[in-house]
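Structure for the following, please:
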Amino acid sequence: MGIGHYIGSSNVDADELFNLRINRIYNVYLLEDNYATTEKDLLEKIEAIFPNKDIMITPSEFLQFF
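So this is what the prediction gives:
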């Protein structure tokens, strides 16, 4: 998907990151706008591959489509 992320620290104030519009997953940082773009693109791909929204698959099964 080509949108960067950064290794940071898990000891940073979550409110400070929020105010800077940065998402954090443990010690991985990603700009909010980049996260939203990736989420939107991924949802479009999922809906194209799986028009039936009641399907359940594992992440490894899903990744076989890429």
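
rest of the way, CA atoms for contacts and neighbours
Noted.

what ranges do the strands span in the chain?
Applying DSSP state E to the chain gives strands spanning 6-7, 22-25, 28-31.

Now that we have these, can you turn them into CSV and tack on mean neighbour count and mean pLDDT?
Putting these into CSV (neighbours: other C-alpha atoms under 10 Å; pLDDT from 0 to 100) gives the following:
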stretch, mean neighbour count, mean pLDDT
strand 6-7, 12, 88
strand 22-25, 17, 90
strand 28-31, 18, 90
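
now these in JSON lines, with distance to residue 62?
Below are the strands of the chain laid out as JSON lines (distance: least, C-alpha to C-alpha, whole Å):
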{"stretch": "strand 6-7", "distance to residue 62": "25"}
{"stretch": "strand 22-25", "distance to residue 62": "21"}
{"stretch": "strand 28-31", "distance to residue 62": "23"}
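
Which one, of those strands, ends up nearest to residue 14?
With C-alpha to C-alpha as the measure, strand 22-25 is the member of these nearest residue 14 (8.0 Å).

List every C-alpha atom in the closest one, with coordinates, as CSV.
Only the C-alpha atoms of strand 22-25 are listed here, as CSV (Å, rounded to 0.1, in the frame of the first residue of the first chain):
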residue,chain,number,x,y,z
ILE,A,22,-0.7,10.3,15.0
ASN,A,23,-2.0,6.7,15.5
ARG,A,24,0.1,4.3,17.5
ILE,A,25,0.1,0.6,17.6
